[in-house]
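**Student:** The following block contains a protein sequence and its predicted model.
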Amino acid sequence: MSDKTAAPQAAPGGIGFFEKWLSLWVALCIAAGIMLGNLAPGLFAALAGLEYASVNIVVAVLIWAMVYPMMVAVDFESLKSIGDRPKGLVITLVVNWIVKPFTMAALGILFFRYLYDGLISAADAEQYIAGLILLGAAPCTAMVFVWSTLTKGDPTYTLVQVSINDLIMIIAFAPICGLLLGVTELTVPWETLLLSVLLYVVIPLGAGYMTRRALTAKAANHAAGEQVIHDFTARVKPFSVLGLLATVVLLFGFQGQTVLEHPLTIALIAAPLILQSYGIFAIAYGWAKVWKVPFNVAAPCALIGTSNFFELAVAVAISLFGLHSGAALATVVGVLVEVPVMLSLVAFANRTRGWFSDRQEQR
């Protein structure tokens, strides 16, 4: 691939301070949310009431704060390189859209209907399955650049994969979620599901595209334009992290009483998520090794398939099932689980770099 489509330096020099300790911040926000939810239930009831068309206004604003910076980083000019070194792209797309959603649904059913039978009520089990399905159907967009940087992955190739995933998400996310949610005993409100895709994928993606055009309009060349975009995303990135943490506080504030009464629930939800993450990575990474994909493509393509777009999953769970739902709780547990799991996989990939050849992939 040419340097013209080089990816924004999303994580220059490695993982940032907030990303490195994200699991700690999330854990602290969970504790704060539970405490505040029990100390000030009236406040959270008032916030929960700020809805329009099944969308909570406060949460919507926070989700947009999370999603917008990552959408600015998506460069659709990179799609011109779609035919270069196709193997890694094929692995990512197959894992993301054909394997991962269905294995997550299967694990959710296995754990919550069978292995946890008697530990969780049937109604709650269906909610948790729904939350896992939403996580499994939402491939990662933002943190992918961090994981790619930590494994010294090809930044341009990573950008191509993210750009294509975002385009596919617009079309495929709602149908896949609707299909898989049909295996639960919950009614799928299609209007709300489609509205969620519009609000949390299409609109932020469009806003990100327009921002890129505005930022690069006066740039002397492509490299200068990419530097302007990098500087802009660095400035707005703190709002993304703050939006995530504030959302966690809100969600656990709404769920505070439930969590205190059922502390084992978090661990029960985390178990299938952890198993799914390591299993999906093994499939993608093993496939890349067998297919002789070079390491700087193999590692990012496996990590992209493993990671989740948890911001989207949280937003859709809230829109479909409500702020107090078990589905929303399951998606937030996904945030808590993801960062330590992904860091362990990054470390494993770097230790096994010698399994792969550095030669360029042939078409």
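**Tutor:** Thanks, I have the structure now. Residues are numbered from 1 along each chain as shown.
**Student:** Phi first, then psi, for residue 323.
**Tutor:** phi -60, psi -30 (degrees, to the nearest 10).
**Student:** Once you drop chain neighbours, what's closest to it?
**Tutor:** Nearest non-adjacent residue to residue 323, counting by Cβ to Cβ, 6 or more residues apart in numbering: residue 254, 4.6 Å away. Where you see a C-beta, it was placed from the backbone N, CA and C, and this is true even at glycine.
**Student:** Would you check how far apart that neighbour and residue 195 are?
**Tutor:** 21 Å (Cβ to Cβ, to the nearest Å).
**Student:** Who has more neighbours out of those two?
**Tutor:** Per other Cβ atoms under 10 Å, whichever of residue 254 and residue 195 has more neighbours is residue 254, with 25 against 18.
**Student:** is it true that the more buried one touches residue 326?
**Tutor:** No: here residue 254 does not reach residue 326: they are 11.5 Å apart, not a contact under Cβ atoms under 8 Å.
**Student:** related to what we said a few turns ago, wait, what's in contact with the residue nearest to residue 323?
**Tutor:** Counting by Cβ atoms under 8 Å, 6 or more residues apart in numbering, residue 254 makes contact with 37, 44, 48, 323, 324, 328.
**Student:** Read off the pLDDT value for the closest residue to the third one other than its chain neighbours.
**Tutor:** Nearest in space to residue 48, with sequence neighbours left out and distances taken as Cβ to Cβ, 6+ apart, is residue 323 at 5.1 Å. According to the predicted model, the pLDDT of residue 323 comes to 75.
**Student:** What about residue 323, how many residues nearby?
**Tutor:** Neighbour tally, residue 323, other Cβ under 10 Å: 22.
**Student:** State the mean pLDDT of the host helix or strand of residue 166.
**Tutor:** According to DSSP states H and E, residue 166 maps onto helix 155-181. Here helix 155-181 scores 84 as its mean pLDDT.
**Student:** Check stretch 303-312 too.
**Tutor:** The model assigns stretch 303-312 a mean pLDDT of 83.
**Student:** Same question for stretch 89-99.
**Tutor:** For stretch 89-99, the mean confidence score works out to 93.
**Student:** What's the end-to-end length of it?
**Tutor:** One end of stretch 89-99 sits 14 Å from the other (Cα to Cα, to the nearest Å).
**Student:** And the strands in the stretch 1-150 of the chain?
**Tutor:** Under the criterion DSSP state E, counting those that start in this stretch, the stretch 1-150 of the chain contains strands at 51-52, 55-56.
**Student:** deepest of those strands, which one?
**Tutor:** The highest mean neighbour count among the strands of the stretch 1-150 of the chain, using mean count of other Cβ atoms under 10 Å, belongs to strand 55-56: a mean of 20.
**Student:** what's the distance between residue 246 and residue 33?
**Tutor:** 10 Å.
**Student:** Please say which of the two ends up with more neighbours.
**Tutor:** residue 33 (25 against 18).
**Student:** I'd say the more buried one and residue 245 touch.
**Tutor:** No: Residue 33 is not in contact with residue 245 according to Cβ under 8 Å; the separation is 9.8 Å.
**Student:** and residue 79, what pLDDT?
**Tutor:** pLDDT, residue 79: 66.
**Student:** Quick test: name the residue nearest the centre of this structure.
**Tutor:** residue 309 (1.4 Å; Cα atoms, centre = their mean).
**Student:** what's the nearest residue to that residue if we skip its chain neighbours?
**Tutor:** Nearest to residue 309 is residue 138, by Cβ to Cβ, 6+ apart, at 3.9 Å.
**Student:** Can you get me a residue count around that neighbour?
**Tutor:** Applying other Cβ under 10 Å, we find 30 residues neighbouring residue 138.
**Student:** Outside of stretch 107-124 itself, which residues are in contact with it?
**Tutor:** 125-126, 128-129, 132-133, 183, 185, 264-265, 268, 271-272, 275-276, 326.
**Student:** Which members of those residues are positioned in helices?
**Tutor:** 125-126, 128-129, 132-133, 264-265, 268, 271-272, 275-276, 326 (DSSP state H).
**Student:** Give me the buried subset of those.
**Tutor:** Neighbour-count burial (16 or more other Cβ atoms under 10 Å) applied to those gives 125, 126, 128, 129, 132, 133, 265, 268, 272, 276, 326.
**Student:** Turn the residues you listed into TSV, columns for pLDDT and distance to residue 343.
**Tutor:** Output for these, formatted as TSV (pLDDT from 0 to 100; distance: Cβ to Cβ, whole Å):
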residue	pLDDT	distance to residue 343
125	95	30
126	95	32
128	96	25
129	96	27
132	96	21
133	96	25
265	89	24
268	95	23
272	97	20
276	97	17
326	90	27
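**Student:** ok, of the residues you listed, which one's closest to residue 173?
**Tutor:** For these, the minimum distance to residue 173 (Cβ to Cβ) is 11.3 Å, reached by residue 133.
**Student:** Contacts only, for the closest residue to the closest one other than its chain neighbours.
**Tutor:** Spatially, and ignoring its direct neighbours in sequence, residue 133 is nearest to residue 180 (4.7 Å; Cβ to Cβ, 6+ apart). Residues in contact with residue 180 (Cβ under 8 Å, 6+ apart) are 101, 102, 105, 133, 136, 137.
**Student:** coming back round to it: surely the residue nearest to the centre of the chain and residue 139 touch.
**Tutor:** Yes: with contact defined as Cβ under 8 Å, residue 309 and residue 139 form a contacting pair (5.9 Å).
**Student:** what is in contact with these two at once?
**Tutor:** Joint contacts of residue 309 and residue 139 (Cβ under 8 Å, 6+ apart) are residue 169.
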